[in-house]
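Undergrad: Kindly generate the corresponding structure for this input.
(one chain, ligands or ions: 1)
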Amino acid sequence: MEKIYFVGAGPGDKELITLKGYKLLQVADIVIYAGSLVNRELLDYCKEGVVLHDSAYMTLEEIIGVMGEGARADKLVVRLQTGDISIYGSIREQAEELKKLGIDYESVAGVSSFLGAAASLGIEYTVPEISQSLIITRIGGRTPVPTREDLRSFAYHQTSMAIFLSVNRIEEVVEELIGGGYKKDTPVAIVYKATWDDEMTVMGSLEDISQKVKDAGIKKTALILVGDFLGDKYNYSMLYSKYFSHEYRKASDQIDE
Ligand code: SAH
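TA: Sure thing, here's the model as predicted:
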């Protein structure tokens, strides 16, 4: 019996799938892809005769049904999901159902959209002395967020944040973040469809971002990036400093010449 491959499709740009994911798509007999977010151009990598299923129209039972049938017939089944499967990937329930059926699976990492968005903006989430932590979170929706993880409590840290699945409720997000401790002039970037051809970025601060998002008409497929890492203040890291020694390099005043 074949195992199932869960593959991260990357954020959108069809070249941002890993080589491993690409190679699996080339040989897959069956691909179950998340049609609401996965770039369909990725399916061009598949061989002729591949059987495609768009999971947007399927229930968990139907998805597992296709996987089970494929695995039992020794077909190579790829489950293709957006970004990386470990972030809001609804992977756990699929994995548990497969375990019940005695079907093995393997996961292939993908480039998550928060990484694609950072690359598009050319920014670093961890600017020395500005912020050294990144919080990945969302506002509660149909899937509730445990109360100990509410945005307001995370805001206390005033560190870098990448907020998924929340742009349709930007006003509440802003209220929670300011209520929790971020200053009103904290920079915010909204990245819509990061790395896609129709990517759009809206820059602002907590004070004006809600209006800007509304004006731009962005309601989904966007990340809310918040924090001073987007601002003008920065410090150089010690890593490449000529005054700093480490395992591979001595500080310039220590180099024997
Ligand atoms: N596993 C995915 C996230 C799936 S949840 C990942 O690693 O990126 C879906 C949410 O992810 C969307 O609501 C949006 O907030 C975000 N998202 C996915 N692709 C995106 C993209 N290309 N640009 C911006 N946000 C994206």
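
Undergrad: Return the backbone torsion pair for residue 105.
TA: Here is the backbone geometry of residue 105 (degrees, to the nearest 10): phi -140, psi 160.

Undergrad: swap in residue 225?
TA: In this entry, residue 225 is assigned phi and psi values of phi -110, psi 130 (degrees, to the nearest 10).

Undergrad: In space, what's closest to the residue of the chain found nearest the ligand - neighbours in sequence excluded?
TA: Here the chain gets closest to the ligand at one residue, residue 83, 2.1 Å apart by Cβ to the nearest ligand atom. Bear in mind the C-beta positions are built from the backbone N, C-alpha and C, glycine included. Distances taken as Cβ to Cβ, 6 or more residues apart in numbering put residue 112 closest to residue 83, at 4.2 Å, once the chain neighbours are dropped.

Undergrad: And residue 30, its phi and psi?
TA: When read as degrees, to the nearest 10, the backbone of residue 30 gives phi -130, psi 130.

Undergrad: now swap in residue 84 and tell me
TA: According to degrees, to the nearest 10, residue 84 has phi -110, psi 140.

Undergrad: Do you know the pLDDT at it?
TA: With respect to pLDDT, residue 84 has a value of 98.

Undergrad: For it, give me its contacts.
TA: Shown in contact with residue 84 (Cβ atoms under 8 Å, 6 or more residues apart in numbering): 8, 109-112.

Undergrad: try it again with 10 Å
TA: Residue 84 sits next to 7-11, 18, 91, 107-115 when contact means Cβ atoms under 10 Å, 6 or more residues apart in numbering.

Undergrad: Give the burial count for the residue of the chain closest to the ligand, as a bare number.
TA: Here the number of neighbours of residue 83 (other Cβ atoms under 10 Å) works out to 26.

Undergrad: For it, give the beta-bridge partners.
TA: Beta-bridge pairing for residue 83 (DSSP bridges): residue 10.

Undergrad: how close does it get to residue 70?
TA: 24 Å (Cβ to Cβ, to the nearest Å).

Undergrad: and if you look at residue 230?
TA: Residue 230 sits 44 Å away from residue 70, going by Cβ to Cβ.

Undergrad: So between these two, which is more surrounded?
TA: residue 70 (23 against 20).

Undergrad: now the more buried one, nearest residue through space, not along the chain?
TA: Nearest-residue entry for residue 70: residue 77, 4.0 Å, with adjacent residues in sequence omitted and distances by Cβ to Cβ, 6+ apart.

Undergrad: Ramachandran angles for the one you found?
TA: Main-chain dihedrals, residue 77, degrees, to the nearest 10: phi -100, psi 130.

Undergrad: Show me the helices in the stretch 51-200 of the chain, by range?
TA: Ranges of helices in the stretch 51-200 of the chain, per DSSP state H, counting those that start in this stretch, are 60-72, 91-100, 113-121, 151-155, 170-180.

Undergrad: Looking at the ones you listed, which one is packed in the most?
TA: Stretch with highest mean neighbour count among those: helix 113-121 (a mean of 21; mean count of other Cβ atoms under 10 Å).

Undergrad: which helices and strands sit right next to it?
TA: On a contact count with 3 or more Cβ pairs under 10 Å, 6 or more residues apart in numbering; DSSP states H and E, helix 113-121 meets strand 134-138, strand 160-164, strand 187-192, strand 200-205, strand 222-226.

Undergrad: Check the offset of that helix from the chain's centre.
TA: 9 Å (Cα atoms, centre = their mean, to the nearest Å).

Undergrad: Next: stretch 44-54.
TA: Here stretch 44-54 shows a centroid-to-chain-centroid distance of 24 Å under the convention Cα atoms, centre = their mean.

Undergrad: In that stretch, which residues are buried?
TA: 45-46, 50, 53 (16 or more other Cβ atoms under 10 Å).
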